[in-house]
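[1] Sequence and predicted structure below; questions after.
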Amino acid sequence: MKFKPEMDSIRTHTVPQWYDDCKLGIFIHWGLYSVPAWAYPSGKLGTIPFDERWFAYNPYAEWYCNSVRAGFGPTYEHHVKTYGADFDYESFTDLWKAERWDPAQWAELFKKSGARYVIPTTKHHDGFCLWNTKYTDYNSYQKGPGRDLMKELCDAVRSEGMRFGVYYSGMLNWHVTHNAMMSDYEVHHPNNITNGYADFAYNQMMELVDTFEPSVLWNDLDWPLKGLDDLPYLFAHYYNTVPEGVVNDRWHDVWFDYKTKEYHRGDKFLEQKWECCQGMGLSFGYNQVETDEHYVSHNELITLLIDTVAYNGNLLINVGPKADGTIPEEQESRLLYLGKWMEVNSPAIYSTKPFSRQKEELETGEIVYYTQNDSSIFLLVTNPKAGNSTLRIPEPAFSCDYRKTLGNFGANVAISEGNLVIDLLDIPAGSAPVVLEFTK
Ligand SMILES: C[C@@H]1N[C@H](CN)[C@@H](O)[C@H](O)[C@@H]1O
């Protein structure tokens, strides 16, 4: 066995090339919370104080259970009006049928989007498990849909040639704790800090490793504090079982292969591999209250990917399916649009590395990004003007030869008075970002 259950051994693990190259993944938040599918679209994570103003007005629809437990606020009021004050969260198992779910359709759509890995919630904070786990009957095989949703999805994803990872909420389990969490402190100090719960989480994570041999272990928030000593055993077993496996950074700072960001991007890493996750709207779980206005636009989604890849990151964009197993049209439309763009422009995305300059804002309003591979430098122009326009890039970061545009538009390129001057020709109105390739 290459890895021993000691941190010195674990620290020898490096980020596998596939993870660095693939750049785009699909996150999926699907569970009991998809039945009520209701949250107050209060605002983006990071823009609202992380106190009652966030927790009682939580825009994350997958936090429905906790928002109702608050006992006040819009979600609580919606729950009482819609289901009655005595309707407990676990009763949603009787209403969740997934009657229109076709995992092959999901996998086909994700493949078309250009994504190369898929990470579904196997168990979110509510504690309901989406696989036939032997550690609790509170799962989708014993209750609700009556199916091993993760096995079916894993098979469909892999049959499309994509990698399958698993999200697991190690720290929180609202099937075990019953008080509302109304502060960051309470979220990180739940009262299920028993050794028994730590063992439960460890056993379930080991079961996920042995059952699915997932390409990514995506733990959320933190790991049970009485289970931290278990982690070297978990990581060693995981890496010995899945040699190309990769682990995120939400394990109480014990270890990570890559860093994560959620919505709020702030200062981006460059040397360290990282991943940004967010919904297309303000929520991960499907929120029936959200309309198209809450979602990033089709072109903003592409810019989000570019702004992540140019800084050495991967974008893990979330899909929040409806309880019946269909994907909301607004989300499907954005994934297909992204996929059409990737069909033409993916050479500037897949298997690239950050360039010496990542982004610059031009006086004419365009924002230009750079990526590179061994033979080319790519210049990606977001929000290009319609028709013909001229970009002037002062003190250009390179002097190599212009090769071609990636797409159906023209360009003339020259160096003039120390500027890289690019005439963009025939850009359609509302165009997605356009890409020019230069030969090193
Ligand atoms: C990906 C997101 N992570 C946060 C915790 N930071 C969760 O609270 C949220 O529901 C979602 O799963």
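    Received it, and whenever you're ready, just let me know what you need. Numbers count the residues shown, from 1 in each chain.
[2] mind saving the C-alpha coords of stretch 161-177 as PDB?
    C-alpha atoms of stretch 161-177 as PDB (Å, rounded to 0.1, in the frame of the first residue of the first chain):
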ATOM      1  CA  GLY A 161     -17.000   9.100 -19.700                       C
ATOM      2  CA  MET A 162     -17.100  11.700 -16.900                       C
ATOM      3  CA  ARG A 163     -15.700  11.200 -13.400                       C
ATOM      4  CA  PHE A 164     -18.000  10.800 -10.400                       C
ATOM      5  CA  GLY A 165     -17.200  12.400  -7.000                       C
ATOM      6  CA  VAL A 166     -19.200  12.500  -3.800                       C
ATOM      7  CA  TYR A 167     -20.300  15.400  -1.600                       C
ATOM      8  CA  TYR A 168     -20.800  14.500   2.100                       C
ATOM      9  CA  SER A 169     -21.900  16.700   5.000                       C
ATOM     10  CA  GLY A 170     -19.600  15.400   7.700                       C
ATOM     11  CA  MET A 171     -20.100  18.000  10.400                       C
ATOM     12  CA  LEU A 172     -23.900  18.600  10.300                       C
ATOM     13  CA  ASN A 173     -26.700  16.100  10.500                       C
ATOM     14  CA  TRP A 174     -30.100  17.600  11.400                       C
ATOM     15  CA  HIS A 175     -31.600  14.100  11.700                       C
ATOM     16  CA  VAL A 176     -29.400  13.800  14.800                       C
ATOM     17  CA  THR A 177     -29.400  17.400  16.100                       C
END
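[3] is that stretch anywhere near the ligand?
    No. Using C-beta under 6 Å from any ligand atom, stretch 161-177 stays clear of the ligand, with a minimum separation of 7.0 Å. For every residue, glycine as well, the C-beta is placed using N, CA and C.
[4] Residue numbers of the stretch 151-300 of the chain in contact with the ligand?
    Proximity of the stretch 151-300 of the chain to the ligand, by C-beta under 6 Å from any ligand atom, involves residues D220, L221, E262, C277, F284.
[5] so which of the residues you listed is the most crowded?
    F284 (30 neighbours; other C-beta atoms under 10 Å).
[6] Please work out how many residues are found near Y239.
    Using other C-beta under 10 Å, Y239 has 23 other residues around it.
[7] Check the spacing between it and the ligand real quick.
    23 Å (C-beta to the nearest ligand atom, to the nearest Å).
[8] Show me what counts as buried in the host helix or strand of that residue.
    Using DSSP states H and E, Y239 sits within helix 231-241. Neighbour-count burial for helix 231-241 flags L231, P232, L234, F235, A236, H237, Y238, Y239 (criterion: 16 or more other C-beta atoms under 10 Å).
[9] Those residues into JSON lines, with extra columns for distance to C22?
    Formatted as JSON lines, the buried residues of helix 231-241 follow (distance: C-beta to C-beta, whole Å):
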{"residue": "L231", "distance to C22": "26"}
{"residue": "P232", "distance to C22": "27"}
{"residue": "L234", "distance to C22": "24"}
{"residue": "F235", "distance to C22": "22"}
{"residue": "A236", "distance to C22": "25"}
{"residue": "H237", "distance to C22": "24"}
{"residue": "Y238", "distance to C22": "19"}
{"residue": "Y239", "distance to C22": "19"}
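[10] Out of the residues you listed, flag the one nearest to the ligand.
    Closest approach to the ligand among the buried residues of helix 231-241 (C-beta to the nearest ligand atom): L231, at 18.7 Å.
[11] got the contact list for that closest one?
    Contacts for L231 were tallied using C-beta atoms under 8 Å, 6 or more residues apart in numbering; they are W223, W251, V254, W255.
[12] quick one on the thing from earlier: could you export the helix holding Y239 as CSV, CA atoms only?
    Taking C-alpha atoms only, helix 231-241 is exported to CSV below (Å, rounded to 0.1, in the frame of the first residue of the first chain):
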residue,chain,number,x,y,z
LEU,A,231,-8.9,11.1,9.0
PRO,A,232,-5.4,9.8,8.2
TYR,A,233,-7.0,6.3,8.1
LEU,A,234,-9.7,7.6,5.8
PHE,A,235,-7.3,9.5,3.5
ALA,A,236,-4.8,6.6,3.3
HIS,A,237,-7.6,4.1,2.5
TYR,A,238,-9.1,6.5,-0.1
TYR,A,239,-5.8,7.2,-1.9
ASN,A,240,-4.9,3.4,-1.8
THR,A,241,-8.3,2.6,-3.2
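[13] Regarding the one residue sitting closest to the centre of the chain, what is its secondary structure?
    For the chain, the residue nearest the mean C-alpha position is L316 (2.8 Å; C-alpha atoms, centre = their mean). Secondary structure state of L316, per DSSP: H, G, I helix; E, B strand; the rest coil, is strand.
[14] First-to-last residue distance for stretch 32-48?
    End-to-end span of stretch 32-48 (C-alpha to C-alpha, to the nearest Å): 26 Å.
[15] which residues are contacting the helix or strand following the helix holding Y239?
    For helix 231-241, the following helix or strand on the C-terminal side (DSSP H and E) is strand 246-247. Here strand 246-247 makes contact (C-beta under 8 Å, 6+ apart) with 15-16, 19, 215-217, 219, 235, 238, 255-258.
[16] try stretch 342-361
    Residues from elsewhere that reach stretch 342-361, judged by C-beta under 8 Å, 6+ apart: 21-24, 113-114, 116, 270, 305-307, 309-312, 367-373, 376-378, 380, 393, 397, 406-407, 433, 435, 437.
[17] Quick one: mean pLDDT over the helix holding Y239.
    Helix 231-241 carries an average pLDDT of 98.
[18] Over to stretch 313-325?
    Stretch 313-325 shows a mean pLDDT of 98.
[19] Okay, now it: how far is its last residue from its first?
    30 Å.
[20] if we can go back for a sec, restricted to strands, list the residues of the stretch 151-300 of the chain next to the ligand.
    Among these, the members found in strands (DSSP state E) are E262, C277.
[21] out of the residues of the stretch 151-300 of the chain next to the ligand, which one sits closest to R100?
    Proximity of those to R100 (C-beta to C-beta) peaks at F284, which lies at 20.6 Å.
[22] Contacts only, for Y135.
    Contact analysis of Y135 by C-beta under 8 Å, 6+ apart lists F200, N203, Q204, E207.
[23] Narrow those residues to those in helices?
    When DSSP state H is applied, these are split such that F200, N203, Q204, E207 fall in helices.
[24] rewinding a little: give me the buried subset of the contacts of stretch 342-361.
    Buried among those by 16+ other C-beta under 10 Å: 22-24, 113-114, 116, 305-307, 309-312, 367-373, 376-378, 380, 393, 406-407, 433, 435, 437.
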